[in-house]
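1. Okay, here's the prediction I keep looking at, along with the sequence it came from:
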Amino acid sequence: MEPLKGENWRHVCVDMQRMFADESPWQVEWAEKILPRIVELTEAAPERTIFTRFITPERPEDMPGRWQDYYRKWWMMTRMHLNPAMLNLVPELARYTPPAQVFDKPAYSPWLDGRLHRHLQADGVTTLAVSGGEADVCVLATVLTGIDLGYRIIILTDAVCSSADPTFDASLYVMGSRFSVQADMVATEEFLDAVG
């Protein structure tokens, strides 16, 4: 990995929320395993940390197109049925806000409404270190559009998770091989050493 000294970077932690960490139809068992590394990353620079949160609609009809089918399948995760506390960040990370910031999103990608990109551009950010879940869904959406927007992307391989091992492995392989010029695959300790 190229040195990071002097680069303006942010740690983007994707969707480490109670509805994915606690018992629910969307629970990701790996979330608990990667949480200590995400805490370590956040604790090292909370002012450089951005948490995204996946916010489900009140009802399926509040979403466009095929999202309505999605939420008819996952009706129990709509806000009219879900305990609102399940949308919160896990407590181990919520305590860092502020200075860490939170960006809510209605879909897999945090880039759709332009707020995150404008915020990062206003701060002159060039590099994003990405953690969280799921590597084959929301992390992937975060990484791909981040690449399209020109950011240097660092995928923290031991701080991302998924509920499905085969697609987790496949997504890391694709991100690490097909996008190797624009994305680095790095362990947490290596990243922290590079920015320390």
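-> Noted; the coordinates are in hand. Bear in mind the structure is a predicted one, so any value in this text is a computation, not a measurement.
2. The lowest-mean-pLDDT helix or strand in the chain - contacts with which helices or strands?
-> Lowest by mean pLDDT, DSSP states H and E among the helices and strands of the chain is helix 165-178, with a mean of 88. With contacts taken as 3 or more Cβ pairs under 8 Å, 6 or more residues apart in numbering; DSSP states H and E, helix 165-178 sits against helix 138-148, strand 152-161, strand 183-186. Where you see a C-beta, it was placed from the backbone N, CA and C, and this is true even at glycine.
3. among these, which is the most enclosed?
-> strand 152-161 (a mean of 23; mean count of other Cβ atoms under 10 Å).
4. Taking helix 165-178 as reference, get the angle to that one.
-> Taking axes from the mean of the first three to the mean of the last three Cα atoms, to 10 degrees, one finds strand 152-161 and helix 165-178 inclined to each other by 170 degrees.
5. Could I get the full set of strands for this protein?
-> Ranges of strands within the chain are 9-14, 49-54, 101-105, 127-133, 152-161, 183-186, based on DSSP state E.
6. Looking at those strands, spot the one closest to Leu89.
-> With Cβ to Cβ, the closest approach to Leu89 among these belongs to strand 49-54: 5.7 Å.
7. The closest one pairs with which strands, and in what direction?
-> strand 9-14 (parallel), strand 101-105 (parallel) (DSSP bridges).
8. ok so, going back, residues contacting the least confident helix or strand of the chain, please?
-> Helix 165-178 has contacts (Cβ atoms under 8 Å, 6 or more residues apart in numbering) with 30, 134-136, 139-140, 143, 155, 157, 160-162, 183, 185.
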